[in-house]
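**Student:** below is the sequence, then the predicted model.
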Amino acid sequence: MSVLICGGAGYIGSHNVRAFKAHGEDVIVIDNLYTGHKASLPEDVKFYEGDIRDGKILDKIFTENKIEAVVHFCAFSLVGESVEEPLKYFDNNVGGMISLLEAMQRNDVKKIIFSSSAATYGEPKKVPILETDPTNPTNPYGESKLIMEKMMKWVSRRYDIRYVSLRYFNVAGAWHDGSIGEDHRHETHLVPIILQVPLGKRPHVTVYGDDYPTKDGTCIRDYVHVEDLARAHILALEYLRNGGESNIFNLGSGDGYSVMEMINAARKATGQDIAVEIGARRAGDPAKLVADSNKAHEILKWQPEITRMEDIIASAWKWHKGHPNGYAD
Ligand code: UDP
């Protein structure tokens, strides 16, 4: 039996492909390569280039292979773009989930692990955030992930499909040997942007606001290493294999770091000074997002192992230094 990784050529998907393979799973990947990179995939992985909104290619995959479970990473994920083009996000993210669940139901596939987001919560009333806290997304991206979760809930009740939804907080870092990492056409995430300074690709990093009600005035986030994150997906599969019921888990470290603390950690990790400019707040940024991940700890037995920000950033630095132009190198 194989595990189908949808969106396995993307940043988080490609790290999961490696982690599942290292765990001894037989992995099959579908990706439309819209934002993913074929070069991120190991050569011995069976790869289908296509879009999960195309039910025919899903039926082909489910017919040609014995798929035990689906791990679903396909989604557009740029918050700002989702506000500008909401229907693009609902079409791709929600449409992809409809097509995937339909194909799973047609082909009798009963387990799905879903890449969800802290964006489902919106602006929290309190931190750390619990899975039972209110979900009020503040942008179409977060809304699309919440709709996808709700679709799985209703489908699981009707068709005996079980799901685990993993709500990621901030994901960073790269595979330990530096061979794969983050490569977005349009980079918006803090860690790769900070590292573009020592790479000589930008003169400074702009800090989006230093007047938040936090210890140093800059926003606080909960950063998890992408390899720790991937391990949670394997534990989620084991959980479903052991008969676990459908469930939702936060994935974060429980510790918050400010933008300035991340820049200081990057200075240590790279051994270089990193110039900073203080800019305006970015619209929609909450001051502080930190996960309560005790549920994942108690039920999945998951806990992040790479918890020093300097180590997370050092792994990202290894990838970026070796591939200053990403997969184009
Ligand atoms: N950030 C920043 N400058 C940048 C990019 C991000 O100050 O060039 C801040 C952003 O305001 C947020 C944190 O870094 O507080 C993490 O942002 P990112 O976009 O990586 O993730 P998000 O928390 O928005 O999902």
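**Tutor:** Looks like it came in fine.
**Student:** the stretch 101-250 of the chain: strands as residue ranges?
**Tutor:** Assigned by DSSP state E, counting those that start in this stretch, the strands in the stretch 101-250 of the chain fall at 111-117, 162-168, 170-172, 205-208, 220-221, 223-225, 247-251.
**Student:** and those as JSON lines, adding mean pLDDT?
**Tutor:** Formatted as JSON lines, the strands of the stretch 101-250 of the chain follow (pLDDT from 0 to 100):
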{"stretch": "strand 111-117", "mean pLDDT": "98"}
{"stretch": "strand 162-168", "mean pLDDT": "98"}
{"stretch": "strand 170-172", "mean pLDDT": "98"}
{"stretch": "strand 205-208", "mean pLDDT": "98"}
{"stretch": "strand 220-221", "mean pLDDT": "97"}
{"stretch": "strand 223-225", "mean pLDDT": "98"}
{"stretch": "strand 247-251", "mean pLDDT": "98"}
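**Student:** can you tell which of the ones you listed is closest to residue 315?
**Tutor:** With CB to CB, the closest approach to residue 315 among the strands of the stretch 101-250 of the chain belongs to strand 223-225: 6.9 Å. All C-beta atoms are positioned from the backbone trio N, CA, C, and that covers glycine.
**Student:** give the contact list for the closest residue to residue 265 other than its chain neighbours.
**Tutor:** Spatial nearest neighbour of residue 265, chain neighbours left out: residue 309 (3.9 Å); criterion: CB to CB, 6 or more residues apart in numbering. Counting by CB atoms under 8 Å, 6 or more residues apart in numbering, residue 309 touches 223, 257, 261-262, 265.
**Student:** residue 272 now?
**Tutor:** Taking CB under 8 Å, 6+ apart as the test, what residue 272 contacts is 197-198.
**Student:** give me the secondary structure label for residue 311.
**Tutor:** At residue 311 the chain is in helix, as set by DSSP: H, G, I helix; E, B strand; the rest coil.
**Student:** got a pLDDT number for it?
**Tutor:** Each residue has a pLDDT score; the one for residue 311 is 98.
**Student:** can you give me the distance of residue 254 to the ligand?
**Tutor:** 16 Å (CB to the nearest ligand atom, to the nearest Å).
**Student:** get me the contact residues on the stretch 151-300 of the chain for the ligand.
**Tutor:** Within reach of the ligand by CB under 6 Å from any ligand atom, the stretch 151-300 of the chain has these residues: 170, 188-190, 193, 205-208, 219, 221, 259, 282, 285.
**Student:** give me the residue from the stretch 201-329 of the chain nearest the ligand.
**Tutor:** At 3.0 Å from the ligand, residue 219 is the closest residue in the stretch 201-329 of the chain, using CB to the nearest ligand atom.
**Student:** tell me the pLDDT at that residue?
**Tutor:** pLDDT at residue 219 comes out at 97.
**Student:** I'd assumed residue 208 was in contact with it.
**Tutor:** Yes: using CB atoms under 8 Å, residue 219 is in contact with residue 208, at 7.0 Å.
**Student:** joint contacts of those two?
**Tutor:** By CB under 8 Å, 6+ apart, the residues touching both residue 219 and residue 208 are 259, 285.
**Student:** out of these two, which sits in the busier spot?
**Tutor:** Shown here are residue 219 and residue 208; by other CB atoms under 10 Å, residue 219 has more neighbours (24 against 17).
**Student:** contacts only, for that one.
**Tutor:** Here residue 219 is in contact with 208-209, 212, 258-259, 285-288 (CB under 8 Å, 6+ apart).
**Student:** ok, now residue 323?
**Tutor:** If you count contacts by CB under 8 Å, 6+ apart, residue 323 has them with 181, 183, 329.
**Student:** ok, the last one - how many residues close by?
**Tutor:** Counted with other CB under 10 Å, the burial measure for residue 329 works out to 9 neighbours.
**Student:** ok, it - contacts?
**Tutor:** 322-323.
**Student:** now do it, the pLDDT please.
**Tutor:** For residue 329, pLDDT reads 79.
**Student:** repeat for residue 210
**Tutor:** 98.
**Student:** for residue 209, see how far away the closest residue to it other than its chain neighbours is.
**Tutor:** Spatially, and ignoring its direct neighbours in sequence, residue 210 is nearest to residue 217 (4.0 Å; CB to CB, 6+ apart). Applying CB to CB, to the nearest Å, the value for residue 217 to residue 209 is 8 Å.
**Student:** show me what the helix or strand where residue 268 lies is in contact with.
**Tutor:** Element membership for residue 268, per DSSP states H and E: helix 259-270. Helix 259-270 has contacts (CB under 8 Å, 6+ apart) with 190-191, 194-195, 198, 205, 207-208, 210, 216, 218-219, 221, 223, 257, 273-274, 276, 308-314, 317.
**Student:** do the same with stretch 132-147
**Tutor:** 75-79, 82-83, 86, 89-90, 93-94, 97, 116-117, 119-126, 284.
**Student:** wait, does that stretch make contact with the ligand?
**Tutor:** No: using CB under 6 Å from any ligand atom, stretch 132-147 never reaches the ligand; the gap is at least 9.6 Å.
**Student:** still on that earlier bit, quick check: mean pLDDT of the helix holding residue 268?
**Tutor:** Mean predicted lDDT for helix 259-270 stands at 98.
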